[in-house]
Structure formats: structure tokens, C-alpha cells
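S.K.: task: produce atomic coordinates for the following.
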Amino acid sequence: MNEGSPDIETRLAALDLLDHQAVDWRRVQRTAYLIHQHLRYEYPGPIDDLQQCLMIIPPDNHGDQRLVFHHLEVSAPSVEVSYEQDAFENVVLNLYVPRVEKAIDFEAWIVVERHASKSPHHISAAWLADPRLLEPSALTEPDDMLRQVAAALIAEGHQGMALAQRINKWVYHALDYVRGVTDIHTTAAQALALGQGVCQDYAHLMIALSRQCGLPARYVSGHLLGEGGTHAWVEVLVPSADGSDTAAALPFDPTHGREADLSYLTVALGRDYCDVAPTSGTFRASYRGQLSARKRVGLTVLEYEDTE
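M.R.: Below you'll find the predicted structure:
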């Protein structure tokens, strides 16, 4: 946990957030964001040996995004906290609490900044051949319908970025955004059959089609300004256009049918939702807990490019 002054939460809470809807994103040069998340688990009675995993802290660097500050408060005085990086270099917080009587709260304060970039996010070319991004995962396993759609998209003759753009557009029109008809276990094939879903379903469907079309793709969990909950989108990887030994990670948001811009904040990446669930854990008790969550994400700094 980053340690700040004792009143850091008070000072961050008092920050004035800018209206993101009034921003001319085409002229933005630099932005900074405040992310404030409050997670509360309540139980019918005491629980023992809580092993809680949180994936809510963004990476130190991701393309033009940089982590400036983070601070985590846990209501249990006896909590043990350790940090690690997973196979996708995501920040994973592992917490252990011997006993919780009725409830436990996790409150995170995070500041990140982004700089407008004229070039794509370049990563190692090794990702282009990574089987985790090319082969189906638990939630992106194709069925006959998905294979037929992928074959039809390939037959149109697009390649690379143009193919990714075509898949993004196709998925946007294939589903209607409807809450409550799917859950975190719904597969891409099931969502397509329903014709409905939420952001993670759009992401899974685009990933499934991208991989069937030979494009490595990864699931992105993060935040979108103006969205109440955690958002999901996709990064499709293609060889860099400059001929260097790198890959370009191209961010697409099939839920909104567009490319992701500076209003998106990346927290974690993986094969599908299973790799990046914001909260997970185990405990000893004969009953289940109930999670409630609150989140506030907003602009705190906005700098426009000098057009003179």
C-alpha cells in the first residue's frame, strides 16, 4: 500500500472532478484521473480464514498510462497484505484476515495519468505468438455459429487492423446491451445465441472471433468515464507497422463500437474475465457473503495541446 499523509483520503475526496462530457478529446494532451472504490462484504455471522484477492490496482505503466499513487484501507486491523504480479503482469493484492465478525470494507484511492500518443502502444512481438491469446479460453470457446461468422469475416479479405475494426463493428451490431440476462459464467457463444449481454459479453465475443480469425486478442478490465461499474474491452495485437520487432496493442470497445481513447483506464489484462475478476476469495463458514460496491472515477487534471 502506498503510504501518504494521514488525511490523504480527505484531500482526495475533496478534489473537484471535471465534466468529462465537456472535454474535446481530440485536443487533449494530458489527463489525470481519480479512482475511488469501496467494496464491502457482509456476512450473516462470523467467518474465519478470509483469503481475499483484489485486482483493482492498475499497472505501473501501460502504454501512455502511468500509475501515480494508490492507497488501500482495510477495516480489519489484523489484515495481512501481499502484492504480486500474475502471468500477465497484473497487480494482484492478496489479503488474509483470520476472522471477520460481520463485515469487512476495502477502500482504494488511485490516481493515474495518461498522455495523448500519436502512435500505438508497442509491446514485445512475442505476444503475437502467445498461445494464450490465440487459442480459445473457457469463456471464448467457439461453437459452429462463431466459426461460421469468423469464416465469413475472413472471406471479406480484411487483414490486421482493418480486420480487427471489422470484427469490432460486427460485434457491436450483433448484441443488444441488456443487463441481467447473462452473468460472469456466460460464454461468447451463449451471448451470441441470446443476442444480448453486457460489456464483458461483447468483449468475449470479439475475442472469440478475433482468435478464430488468427488475431491474438486479450481481455481488458478497467474503467470508462461515465460508467458506473467496471468496464471491459479488447486489445487486438498486430505486427507494428514500422517494421520493428514489436507488436501494436490496438484497443477496441465493441460495446460502443469504437476504438478506446483517453477516457479508458486499464486495470488488468488476460485471456477472458476469469483472469481479471476484480474480487475473488475464500473463507470458512456455512453461509455466503454479500458484496456491495461503490465507485467514483473522474478527471482531476486536463491539459489541451497548444494549437498556436
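S.K.: which residues in this structure form helices?
M.R.: Taking DSSP state H, the helices of the chain run over residues 8-13, 131-134, 144-155, 160-174, 188-194, 199-212, 273-276.
S.K.: please work out which of the ones you listed is packed deepest.
M.R.: Ranked by mean neighbour count under mean count of other Cβ atoms under 10 Å, those are led by helix 199-212, which reaches a mean of 27. For every residue, glycine as well, the C-beta is placed using N, CA and C.
S.K.: what is it packed up against?
M.R.: Here helix 199-212 touches helix 144-155, helix 160-174, helix 188-194, strand 217-224, strand 231-239, helix 273-276, going by 3 or more Cβ pairs under 8 Å, 6 or more residues apart in numbering; DSSP states H and E.
S.K.: quick check: angle from it to helix 160-174?
M.R.: Put simply, helix 199-212 runs at 140 degrees to helix 160-174, going by axes from the mean of the first three to the mean of the last three Cα atoms, to 10 degrees.
S.K.: about what we covered before: for A129, which of the helices and strands packed on helix 199-212 is the nearest?
M.R.: strand 231-239 (9.9 Å; Cβ to Cβ).
S.K.: on that earlier part again, can you say which of the helices and strands packed on helix 199-212 is nearest to V111?
M.R.: For those, the distance to V111 is smallest for strand 217-224, at 12.7 Å, taking Cβ to Cβ.
S.K.: could you dump stretch 257-268 to CSV, C-alpha only?
M.R.: Taking Å, rounded to 0.1, in the frame of the first residue of the first chain, the C-alpha atoms of stretch 257-268 are listed here in CSV:
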residue,chain,number,x,y,z
GLY,A,257,-18.5,0.2,-31.5
ARG,A,258,-15.4,2.3,-31.3
GLU,A,259,-11.7,2.4,-30.5
ALA,A,260,-10.8,3.1,-26.9
ASP,A,261,-9.5,6.6,-26.2
LEU,A,262,-8.1,8.6,-23.3
SER,A,263,-11.4,8.2,-21.4
TYR,A,264,-10.5,4.5,-20.8
LEU,A,265,-8.3,3.4,-17.8
THR,A,266,-6.7,-0.1,-17.9
VAL,A,267,-6.6,-2.1,-14.7
ALA,A,268,-5.8,-5.7,-15.8
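S.K.: ok, what's across the strand from the residue nearest the centre of the chain?
M.R.: Centroid-nearest residue in the chain: S221, 1.0 Å away (criterion: Cα atoms, centre = their mean). Per DSSP bridges, the residues bridged to S221 are A232, A268.
S.K.: so it makes contact with D272?
M.R.: No: using Cβ atoms under 8 Å, S221 is not in contact with D272; the gap is 10.1 Å.
S.K.: so who does the spatially closest residue to R99 that is not a sequence neighbour touch?
M.R.: Nearest in space to R99, with sequence neighbours left out and distances taken as Cβ to Cβ, 6 or more residues apart in numbering, is D48 at 5.4 Å. Neighbour list for D48: 98-99, 283-285 [criterion: Cβ atoms under 8 Å, 6 or more residues apart in numbering].
S.K.: all strands for the stretch 1-150 of the chain, in order.
M.R.: Ranges of strands within the stretch 1-150 of the chain are 28-42, 47-54, 61-62, 65-74, 80-85, 91-100, 103-115, 121-124, based on DSSP state E, counting those that start in this stretch.
S.K.: just want the angle from the fourth one to strand 80-85.
M.R.: Orientation of strand 65-74 against strand 80-85 (the same axes, to 10 degrees) gives an angle of 160 degrees.
S.K.: mind putting the helices and strands packed on helix 199-212 in a markdown table, distance to Q200 included?
M.R.: Converted to a markdown table, the helices and strands packed on helix 199-212 look like this (distance: least, Cβ to Cβ, whole Å):
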| stretch | distance to Q200 |
| --- | --- |
| helix 144-155 | 16 |
| helix 160-174 | 12 |
| helix 188-194 | 9 |
| strand 217-224 | 8 |
| strand 231-239 | 5 |
| helix 273-276 | 5 |
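S.K.: between those, which gets nearest to V68?
M.R.: Closest to V68 of the helices and strands packed on helix 199-212, according to Cβ to Cβ: strand 217-224, at 14.9 Å.
S.K.: beta partners for Q85?
M.R.: Residues in beta-bridge contact with Q85 (DSSP bridges): V91.
S.K.: I'd say it and V92 touch.
M.R.: Yes: counting by Cβ under 8 Å, Q85 does reach V92; the two are 6.9 Å apart.
S.K.: so M55 touches G270, yeah?
M.R.: No: when contacts are counted by Cβ under 8 Å, M55 is not listed as touching G270 (9.3 Å).
S.K.: still on that earlier bit, would you turn the helices of the chain into a markdown table with distance to F106 and mean pLDDT?
M.R.: Formatted as a markdown table, the helices of the chain follow (distance: least, Cβ to Cβ, whole Å; pLDDT from 0 to 100):
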| stretch | distance to F106 | mean pLDDT |
| --- | --- | --- |
| helix 8-13 | 13 | 62 |
| helix 131-134 | 29 | 98 |
| helix 144-155 | 37 | 98 |
| helix 160-174 | 33 | 98 |
| helix 188-194 | 30 | 98 |
| helix 199-212 | 22 | 98 |
| helix 273-276 | 17 | 97 |
